[in-house]
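>>> Quick one: sequence plus predicted model below, questions after.
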Amino acid sequence: MQLFIDLHCHSRFSADGVAEPEALVREARTKGLHGFAITDHNTCACVDYFLQHGFMNKEGTAIDGLLIIPGQEITTAEGHLLALGITLPDLKGIPASEAVTLIHQAGGIAIPPHPYDFFRAGIREPVLETLDIDALEVFNAATTLKRYNRHAFAYAESRGLPMTAASDAHDHEALGTAYSILEADTFSVKGVLDAIRKGPALRQRYLTPKNAFKKTWNNVFRLRRRRQPQPEKVA
């Protein structure tokens, strides 16, 4: 069966995300997606939220025709790494090679996102060469410059890696801007992971200027908020 899955998106549980979980579900249905992967930065809190509110189940099957894939975008010591199909604790700062090992031990797959975007924390080619990754994100709808996607595509092609496309949405409206087209044997998390390993087709479309501005503004707001002095504790 053919599935349209956005394999990289964020909710309000990410430090730079603003999407409400319910809004992501509504947007996915509106845009005709069969599912999406929730890949918040260094947390699986939204996975817990979806489980608690009945949007996901522990069996990894679709609910009301929509499949949500558990995941996380790990900030490794060398850059960002998507862990799909599993939940993990906060591993921020861990070496990328160790993160890949832990992902595989847990039964998930490891996909570096936006590896050539020098304005974002991608894992660069010298490190990529050493990693036993399962696929490479070669089209990121939110990339800073389009040539970064072309470089990622060329690298994946040279190495024979499966390729994925995703929105990297940080607000619900951007969900499904780009996605992967999978030929899956089953409509399940396992089916999606197996289909990624075989190599998806790619739905390639960039964020609108409006959504690109919103993503940039969210990052600026997040950085300003972090820099604000914290109130002193009262003894």
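Perfect, thanks for sending it.

>>> contacts, neighbours, all on C-alpha from now
Noted.

>>> Quick check: residue 209 vs residue 121, distance?
Separation of residue 209 from residue 121 (C-alpha to C-alpha, to the nearest Å) stands at 22 Å.

>>> who's more crowded, these two?
Comparing residue 209 with residue 121 by other C-alpha atoms under 10 Å, the one with more neighbours is residue 121, at 18 against 9.

>>> bridging residues for the residue nearest to the more buried one when sequence neighbours are not counted?
Counting by C-alpha to C-alpha, 6 or more residues apart in numbering, residue 79 is the residue found nearest to residue 121 once chain neighbours are left out, at 4.8 Å. Per DSSP bridges, the residues bridged to residue 79 are residue 76.

>>> what's residue 79 in contact with, if anything?
Counting by C-alpha atoms under 8 Å, 6 or more residues apart in numbering, residue 79 makes contact with 96, 121, 122, 123, 124.

>>> could you redo the last one with a cut-off of 10 Å?
Residue 79 makes contacts with 73, 92-96, 112-115, 120-124, 127, as judged by C-alpha atoms under 10 Å, 6 or more residues apart in numbering.

>>> Inside helices: which ones of the residues you listed?
Here DSSP state H is the test, and the contacts of residue 79 give 96, 127 as lying in helices.

>>> If we go by neighbour counts, what in stretch 170-184 is buried?
Going by neighbour count (16 or more other C-alpha atoms under 10 Å), the buried part of stretch 170-184 is 170-184.

>>> Check the model's average confidence along it for me.
Summarised as a single mean, pLDDT over stretch 170-184 is 97.

>>> Run the chain-centre distance for that stretch.
Distance, stretch centre to chain centre, for stretch 170-184: 10 Å (C-alpha atoms, centre = their mean, to the nearest Å).
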